[in-house]
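Visitor: here is the input, now give the coordinates:
(chains A, B, C and D)
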Protein chains: 2
Amino acid sequence: MTSTELLPIGSVAASTGASVSTVRYYEEIGMISVASRVGGKRRFHPETVGRVSFIRRAKEVGFSLGEIRSILDDEAGGWLGVVEDKIDELDRRRGRLELMIAMLKEMRDCGCEAVASCPRSDDFALEPESSSSVATP
Amino acid sequence: MTSTELLPIGSVAASTGASVSTVRYYEEIGMISVASRVGGKRRFHPETVGRVSFIRRAKEVGFSLGEIRSILDDEAGGWLGVVEDKIDELDRRRGRLELMIAMLKEMRDCGCEAVASCPRSDDFALEPESSSSVATP
DNA sequence: GTATGACCTCAAGTCAACTCGAGGTCAAGA
DNA sequence: TCTTGACCTCGAGTTGACTTGAGGTCATAC
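Guide: The predicted structure is shown next:
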């Protein structure tokens, strides 16, 4: 064997930027597979590093752990659907983000004292709901 | 007076998409100003609707209530700084989002069985940290 | 030989942003 | 008259994603 180099939790944490407790937590909730134990201590497969990094990046972008899990762990091919949906959602989100950025830039340049009194902010407050979404409660 | 038309909480909720409890909650934590009471019932200024809508849109895009408050309520002009910072942050976030979308699309098209086994996902797992942020621990 | 650091478990705490439930008031309509 | 609906307060519960704390085990460094 080319020495599979199992990693202690500290290395996984260090090379992913997650905290040791977070890695333990991810193991506990099944986001990563249960590590083998050597003398009671966790030894992780190196691939866990990639997985944890993926989780962190995906979280930054706004995926929940549940969504990440369904993308990462789908064995039946359904992950494609999840990903397609997510692409759509992210595209929409990007659209809103761009709107928000544009609006903030306009507000920055329009000379208002405060956002609350800036007429530009109205554009943003108006409903851009056209696609299906929240049912009115 | 042109009848300032104070609104009951239900109208505010209905025209913003927030729930009645959320509007109460926003008042309680000072996200919106305390409504006057008529017979114990809240009557909101119409401008509250714009404010709550703004809050909701901003939240969708990823602002926390705290950030929204600092943008909306800064009387001293510091909101410009907050907004500038936020524009930068949103630009970065959009960058990551685009990366994520691109990666997911590649994965969608690359024929892998699962994301976990897709080499494309490594690109995403690698650190794209170049600007200031987390110190390598 | 003891102290430090990395690790362990298990339970509980935290934080944001709500949400719910119990118990009550009040006005308008059938 | 009775009931429905909109509103009220206050306190507690929820969810997601961790974080912290108490108390303990080892191995290595000084």
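Visitor: helices and strands of chain A: which one bottoms out on pLDDT?
Guide: Confidence across the helices and strands of chain A bottoms out at helix A:120-125, with a mean of 58, counting by mean pLDDT, DSSP states H and E.
Visitor: skipping adjacent residues, who's closest to the residue in chain A that DNA strand C sits nearest to in space?
Guide: Using CB to the nearest atom of the strand, residue A:10 is the residue of chain A that sits closest to DNA strand C, at 2.3 Å. Glycine gets a C-beta too; all of them are placed from N, C-alpha and C. The shortest distance from residue A:10 to any residue other than its chain neighbours is 6.3 Å, reached at residue A:20 (CB to CB, 6 or more residues apart in numbering or on different chains).
Visitor: residue contacts, the one you found?
Guide: A:9-10, A:13 (CB atoms under 8 Å, 6 or more residues apart in numbering or on different chains).
Visitor: does DNA strand C sit close to the helix or strand that contains residue A:55?
Guide: Using DSSP states H and E, residue A:55 maps to helix A:47-61. No: against DNA strand C, helix A:47-61 shows no contacts by CB under 7 Å from any atom of the strand, the least distance being 12.3 Å.
Visitor: what does the residue nearest to residue A:45 when sequence neighbours are not counted show for phi and psi?
Guide: The spatial neighbour of residue A:45 that comes closest, neighbours along the chain excluded (CB to CB, 6+ apart), is residue A:6 at 6.6 Å. In terms of degrees, to the nearest 10, the main-chain angles of residue A:6 are phi -70, psi 140.
Visitor: I figured residue A:18 was touching residue A:54, is that so?
Guide: No: using CB atoms under 8 Å, residue A:18 is not in contact with residue A:54, being 11.4 Å away.
Visitor: what's the separation between the residue nearest to the spatial centre of chain A and residue A:100?
Guide: The residue lying closest to the centre of chain A (CA atoms, centre = their mean) is residue A:59, at 1.8 Å. Taking CB to CB, to the nearest Å as the criterion, residue A:59 is separated from residue A:100 by 20 Å.
Visitor: cool, and residue A:23?
Guide: In this structure, residue A:23 and residue A:100 are 34 Å apart, going by CB to CB.
Visitor: now residue A:52
Guide: Here the criterion is CB to CB. By it, residue A:52 lies 30 Å from residue A:100.
Visitor: so which bits of whatever helix or strand residue A:12 lives in are buried?
Guide: When elements are assigned from DSSP H and E, residue A:12 belongs to helix A:9-16. Of the residues in helix A:9-16, those with enough neighbours to count as buried (16 or more other CB atoms under 10 Å in any protein chain shown) are A:9, A:11-16.
Visitor: alright, calling it a day.
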